[in-house]
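>>> Okay, here's the prediction I keep looking at, along with the sequence it came from:
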Number of protein chains: 2
Amino acid sequence: MKQSKMLIPTLREMPSDAQVISHALLMRAGYVRQISAGVYAYLPLANRVLEKLKNIMREEFEEIGAVELLAPTLLTADLWRESGRYETYGEDLYKLKNRDSSDFILGPTHEETMTALVRDEITSYKKLPLNVYQIATKYRDEKRPRYGLLRGREFIMKDGYSFHADQDSLDETYLDYKKAYEKIFERAGLNFKPIIADAGAMGGKDSQEFIAITDDRINLEKWLVLSKNIASIEEIPESVLEDIKTELGKWLVAGEDTIVYAEGGDYAANIEMASSQFEPAVAYTEELELEKVATPDVKTIDEVAAFLEIDPAHTIKTMVYRADEELVVILLRGNDQLNEVKLTNHLGASFLEAASEADVEAAFGAHFGSLGPVGMKEVKIIADREVEPIKNAVVGANEDGFHYINANIGRDFEVSEFVDLRTVNEGEISPDGRGTLKFARGIEIGHIFKLGTRYSEAMNANVLDANGRAIPMIMGCYGIGVSRLLSAILEQFARIYVEKTPKEEYKFSWSINFPTELAPFDIHLVPVNTKDEAAMELTAELESKLRAKGYQVLVDDRNERAGVKFADSDLIGLPVRVTIGKKAAEGIVEVKIRATGEVVEINKDELVNTIEILGQN
Amino acid sequence: MKQSKMLIPTLREMPSDAQVISHALLMRAGYVRQISAGVYAYLPLANRVLEKLKNIMREEFEEIGAVELLAPTLLTADLWRESGRYETYGEDLYKLKNRDSSDFILGPTHEETMTALVRDEITSYKKLPLNVYQIATKYRDEKRPRYGLLRGREFIMKDGYSFHADQDSLDETYLDYKKAYEKIFERAGLNFKPIIADAGAMGGKDSQEFIAITDDRINLEKWLVLSKNIASIEEIPESVLEDIKTELGKWLVAGEDTIVYAEGGDYAANIEMASSQFEPAVAYTEELELEKVATPDVKTIDEVAAFLEIDPAHTIKTMVYRADEELVVILLRGNDQLNEVKLTNHLGASFLEAASEADVEAAFGAHFGSLGPVGMKEVKIIADREVEPIKNAVVGANEDGFHYINANIGRDFEVSEFVDLRTVNEGEISPDGRGTLKFARGIEIGHIFKLGTRYSEAMNANVLDANGRAIPMIMGCYGIGVSRLLSAILEQFARIYVEKTPKEEYKFSWSINFPTELAPFDIHLVPVNTKDEAAMELTAELESKLRAKGYQVLVDDRNERAGVKFADSDLIGLPVRVTIGKKAAEGIVEVKIRATGEVVEINKDELVNTIEILGQN
């Protein structure tokens, strides 16, 4: 393909309105353009990457017997009224009317459509399981669309739905999808983790998210590709490295999710779901006498601990929440943080918020800073399980300026249950005992989910079972954010290319090292001077030779300065660049392997071999 | 692919709400389902056909240097205000508001988006021509969605746009597209014609439509596929043929367009644009004296001709139109029909309608039935060019109950111009003299169009030319109705399969003979009894053998009666059916070539060869 025919509007600078690297580079390298807030055009390069992603997905889904179809996007409100989501989905739902004033929506997801489709055609358990998916445009009227393709209003999703007569069948398909997702993301070259996700909100059972890890800024070497005349990073002057760090530091770490994973183990979970190993303390400690002590002007746990000269782990923090109208008292070890998702899921609450100080005063006659469980009555007290082993704890006295010391569970106050409510910390032990917990930031690229009968019951999607009884179909749903994958890939494959000029100056610039299987083309042929006939002839010869070998080739046939061509080539980021320069007449070209920075001058006849040997990234 | 995993909900009968064969068969064979009026889900079979169509298009467009991208569908109203179409497009435009109450539309077409995209990136003629396309979902709020995928509210289009610095470049790309379209429709196996289309409405220059011809019901043989035990159509009893004709007659001939083509020549045009050969008569005829004659109670041309015992071709019909507020008098040969599109285009009018009788009376003091040009003053009289040679014509006398005979142009009335205004008739000579005009019905499947500067001027999409002057880009646009192609294909490849039962009864049923390059799978493997282990083993063996040869194979692994399986297979319509029946243990299978009705029993080892030899349709 000739570059002059492509629309690749590269920019000289990183765009000032981008906050994350992927957004900036997608714009700068001419992959996308914004048409309106959160709504993008995928220019030819991006479109090619998307098509490659789609093909990878199709191959892997065929392996697990999932069948592609294409449902519409313009959906009647009636369909969504059946599930109840027309009213509950919120402001993210695009609503519109047709010429007859009937209500429609633009589908942000397709549980209703697929459930209705299958319900209307499948009546017997014998026709199940059924496992369908589509790759299509979705709409969500995001309040604050941002970060390029990461949070858009129009985006591309792969959404799959499976229908089963029994739980075992769902479990099997769920596992199939998990494996297929892992293969897809591996083929895309991504560093990702499947994590335990919060299934509570959608009323389902098991749920896993697939998170592309977004790298921190600490490991500088990971970001750098050095030109051939730079031996190692040590050679680069400190001031240049500082400039590079400053440039890196300008960009937000992309990804709305903090994930927790076990270094040295398999465990990984969303921070909202993560647990750590819990070993109830068994040591015997004598219970001392409860005593009220004056603690003037101290309020926070740290202030109390400092004032009493104790470890915050020996204090118990008391919090009050309103869960579906009822007040609940929560006890946590002083140095722990409450995880509201865990609490919501534990209570099965559909609504949870911290109680107001007024509510708290009315109920317990105390201010926030002096709350404590001693003497609290007629209220449910739930404690994190780390609270159970604490003996002789410091707690609030429900009286400003005072705390109790030596408070003990069972003797001085009652706890109705001990459950896991705390947010884990880095360095704790994985719940399965294998590995130490670490935190990372990441982008959600996939989600698999056991829906159960949430939609089939609401929408009357039943089949007859072997005994002729009507049972609701059991469902799973499986999503991949296709356009967002493009951002995740750029976050992981953005690089800073460092060069040393003939004057021994060090220069650096942003570039992309596209992974081989997804790059829009395999090879970039760059004739330096398009008026050099020998070079252009050689270019044509190499292009047809490479294409015959099955490579996809982009030829920079533009009449531009060499500097412009090379800069654009670095931005576009194809795995191999072949420069056809002054030695073209002798049949000599230069091959650059982008991932390694390796550069070799070879005879044209060695080109195919060289690429096969060096180009395995 | 296992059929049990596909969602192919075939129906036992043609659906009662379908009016055209393609709609009925798409539903009945389980290719599509309607989700709401004019909005369809493409089930797995249809999705596979669509993907094949897309791939054909991609291959052919790559050949002409057109580059694929993907623009969004949710478009700001502002973009459409720039072109003026937000206000003028009419009720077919889906309008909606986002959460901030900004106006948006769902794109029915993308001239504005593409023009804005290219305008914002391309500033010099050196970067032109540029030729981009997308394959995407479009929206049009049709007043009366109908005929399945032929007139839907959500549909798939291939829309391409080219940008040029000069007319020659546009002309070249336009021709490239014409050739690419012809290749695409040929590869799809379609009987189609490129025709001259009306470009006037969009303010453009050249325009061609590609029309898939929808067959009449007369050529019965074209519709029939006979089972192997029926020697020829002559053998079928007349009563059965009558039933088949009745069944065929139930269905509307699909296609909103009447096209005119030259049998024995290349000429083809939309009826609204069609001309025929015009040879001005040169024979000398003496001009007789103008005479007013009483013609009591005769009004129509036929009545006048009958009353005066003359050929209607010797009468001149007088009509009055209102074109952009001005009255215009039109003269036509008595036996001709006015073509309003030709008149509109000739006048360059943006609004045209027949004048009311009241207007006519006020202007000429005469009723409709007695209008004539003699004595008309201060009005523009335009005549069809067939009027010019008429001597001694009969015309209305602008007085009820009277006509003039022997009226002659120049002597008795003046005509300001003679132009082609009539609708052609079948049997006339093609304008290029080659062939006789015939009419046909058809479905518009493609449209190429020289837009000129309609959008670039309105939207300020300029480039600098070689002299540094800003010039508006010259544009072309090129559409293919992708989902509608599916209907066109079904209209042409629907068949009636006639069988003779062992009891010598003749039965017929609808089936589809999918063209090879578009069939959702190449081969249908049908093991008759899924509990017969030998048959299932042989099926698996044949499937892997055929797949290794590159064939796409659908295996009917369902535990259904043979009759159900064969009926579904006929409906699904794959080019080759392989039946694995009772002789499976001996390695014998039956091959049926759908297009010819040919059936052979062969040894399993001959299968690949047999398909290669017989399966070329």
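Nice, thanks for sending it over.
>>> The closest residue to chain B within the stretch 251-400 of chain A: what's it in contact with?
Nearest residue of the stretch 251-400 of chain A to chain B, counting by Cβ to the nearest Cβ: A:Glu256, 19.5 Å away. Where you see a C-beta, it was placed from the backbone N, CA and C, and this is true even at glycine. Counting by Cβ atoms under 8 Å, 6 or more residues apart in numbering or on different chains, A:Glu256 makes contact with A:Arg151, A:Ile443, A:Glu444.
>>> you'd agree the last one is up against A:Glu209?
In this case it means A:Glu444. Yes: between A:Glu444 and A:Glu209 there is a contact under Cβ atoms under 8 Å: 5.3 Å.
>>> higher neighbour count, the two?
The neighbour count for A:Glu444 versus A:Glu209, taken as other Cβ atoms under 10 Å in any protein chain shown, is higher for A:Glu209 (25 against 22).
>>> Mind listing the strands the helix or strand hosting the more buried one pairs with, and their directions?
Assigned by DSSP states H and E, A:Glu209 belongs to strand A:207-214. Strand pairing for strand A:207-214, determined by DSSP bridges: strand A:192-196 (antiparallel), strand A:436-452 (antiparallel).
>>> part of a strand, is A:Met319?
Yes: counting by DSSP: H, G, I helix; E, B strand; the rest coil, A:Met319 is found in a strand.
>>> how much space between A:Ile56 and chain B?
Distance of A:Ile56 to chain B, computed by Cβ to the nearest Cβ, to the nearest Å: 15 Å.
>>> If you tally nearby residues, what's the number for that residue?
Neighbours of A:Ile56 using other Cβ under 10 Å come to 18.
>>> List the contacts of the residue in the stretch 301-450 of chain A that chain B sits nearest to.
Closest contact between the stretch 301-450 of chain A and chain B, by Cβ to the nearest Cβ, is at A:Ile448 (18.6 Å). Contact analysis of A:Ile448 by Cβ under 8 Å, 6+ apart lists A:Tyr174, A:Tyr177, A:Lys178, A:Tyr181, A:Ser207, A:Gln208, A:Phe210, A:Gly476, A:Cys477, A:Tyr478, A:Gly479.
>>> Also A:Tyr551?
A:Asp522, A:Ile523, A:Ile611.
>>> One more pass at 10 Å, please.
By Cβ atoms under 10 Å, 6 or more residues apart in numbering or on different chains, the residues touching A:Tyr551 are A:Phe521, A:Asp522, A:Ile523, A:Glu543, A:Lys545, A:Val576, A:Val608, A:Ile611, A:Gly615.
>>> and A:Met27, that's in a strand?
No: A:Met27 is assigned helix when assessed by three-state DSSP, not a strand.
>>> Could you report the pLDDT at A:Asp78?
Model confidence at A:Asp78, given as pLDDT, is 96.
>>> and it, what helix or strand is that in?
Element membership for A:Asp78 (DSSP H and E) is helix A:77-83.
>>> What of A:Asn55?
helix A:44-63.
>>> tell me which residues in that helix are buried?
For helix A:44-63, a neighbour-count test (16 or more other Cβ atoms under 10 Å in any protein chain shown) marks A:44-54, A:56-58, A:60-61 as buried.
>>> how about the contacts of A:Tyr551 in JSON lines, adding pLDDT and secondary structure?
Formatted as JSON lines, these follow (pLDDT from 0 to 100; DSSP: H, G, I helix; E, B strand; the rest coil):
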{"residue": "A:Phe521", "pLDDT": "97", "secondary structure": "coil"}
{"residue": "A:Asp522", "pLDDT": "96", "secondary structure": "coil"}
{"residue": "A:Ile523", "pLDDT": "97", "secondary structure": "strand"}
{"residue": "A:Glu543", "pLDDT": "97", "secondary structure": "helix"}
{"residue": "A:Lys545", "pLDDT": "96", "secondary structure": "helix"}
{"residue": "A:Val576", "pLDDT": "96", "secondary structure": "strand"}
{"residue": "A:Val608", "pLDDT": "93", "secondary structure": "helix"}
{"residue": "A:Ile611", "pLDDT": "91", "secondary structure": "helix"}
{"residue": "A:Gly615", "pLDDT": "68", "secondary structure": "coil"}
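>>> If any of the residues you listed are buried, put those into a PyMOL selection.
In PyMOL, a selection of the buried entries from the contacts of A:Tyr551 looks like this (16+ other Cβ under 10 Å):
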select buried, chain A and resi 521+522+523+543+576+611+615
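>>> With distance to chain B added, can I get the contacts of A:Tyr551 in TSV?
What follows is the contacts of A:Tyr551, written out as TSV (distance: Cβ to the nearest Cβ, whole Å):
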residue	distance to chain B
A:Phe521	12
A:Asp522	16
A:Ile523	17
A:Glu543	14
A:Lys545	19
A:Val576	21
A:Val608	22
A:Ile611	22
A:Gly615	24
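>>> so how far is the helix or strand hosting A:Ala136 off the chain centroid?
Using DSSP H and E, A:Ala136 sits in strand A:130-139. On the basis of Cα atoms, centre = their mean, to the nearest Å, strand A:130-139 sits 20 Å off its chain's mean C-alpha point.
>>> Just want the angle from that strand to strand B:130-139.
110 degrees (axes from the mean of the first three to the mean of the last three Cα atoms, to 10 degrees).
>>> CA atoms only: put strand A:130-139 into CSV for me.
Extracted C-alpha coordinates of strand A:130-139, given in CSV (Å, rounded to 0.1, in the frame of the first residue of the first chain):
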residue,chain,number,x,y,z
LEU,A,130,-26.0,-21.7,22.7
ASN,A,131,-23.1,-19.3,22.6
VAL,A,132,-23.3,-16.2,20.4
TYR,A,133,-21.3,-13.1,20.1
GLN,A,134,-21.0,-10.0,18.0
ILE,A,135,-18.4,-7.3,17.4
ALA,A,136,-20.2,-4.0,17.1
THR,A,137,-20.5,-0.4,18.0
LYS,A,138,-21.9,0.5,21.3
TYR,A,139,-23.0,3.8,22.8
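>>> Report the angle between that strand and helix B:44-63.
Using the same axes, to 10 degrees: strand A:130-139 against helix B:44-63 is 50 degrees.
>>> what about strand A:130-139, near chain B?
Yes: judged by Cβ under 10 Å from any Cβ of the partner chain, strand A:130-139 and chain B are in contact via A:Leu130, A:Asn131, A:Val132, A:Gln134, A:Ile135, A:Ala136, A:Thr137, A:Tyr139.
>>> ok so, going back, could the contacts of A:Tyr551 be laid out in CSV, adding distance to B:Val589?
Shown next, in CSV, are the contacts of A:Tyr551 (distance: Cβ to Cβ, whole Å):
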residue, distance to B:Val589
A:Phe521, 44
A:Asp522, 42
A:Ile523, 46
A:Glu543, 46
A:Lys545, 44
A:Val576, 48
A:Val608, 44
A:Ile611, 46
A:Gly615, 46
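>>> In the stretch 451-600 of chain A, mark out all the strands, start to finish.
A:462-464, A:470-472, A:474-481, A:494-500, A:506-512, A:523-527, A:553-555, A:576-580, A:588-593, A:599-603 (DSSP state E, counting those that start in this stretch).
>>> Within the sheet, what are the partner strands of the longest one, with directions?
Sheet pairing of strand A:474-481 (DSSP bridges) gives strand A:154-164 (antiparallel), strand A:436-452 (antiparallel).
>>> Mean neighbour count, those strands: which tops it?
Sort the strands paired with strand A:474-481 by mean neighbour count, taking mean count of other Cβ atoms under 10 Å in any protein chain shown, and strand A:154-164 sits at the top with a mean of 25.
>>> Which parts of the stretch 201-350 of chain A are helices?
A:220-223, A:238-249, A:301-308, A:340-347 (DSSP state H, counting those that start in this stretch).
>>> Present those helices as JSON lines; the columns should include mean neighbour count and distance to chain B.
Below are these laid out as JSON lines (neighbours: other Cβ atoms under 10 Å in any protein chain shown; distance: least, Cβ to the nearest Cβ, whole Å):
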{"stretch": "helix A:220-223", "mean neighbour count": "13", "distance to chain B": "29"}
{"stretch": "helix A:238-249", "mean neighbour count": "13", "distance to chain B": "26"}
{"stretch": "helix A:301-308", "mean neighbour count": "16", "distance to chain B": "41"}
{"stretch": "helix A:340-347", "mean neighbour count": "19", "distance to chain B": "26"}
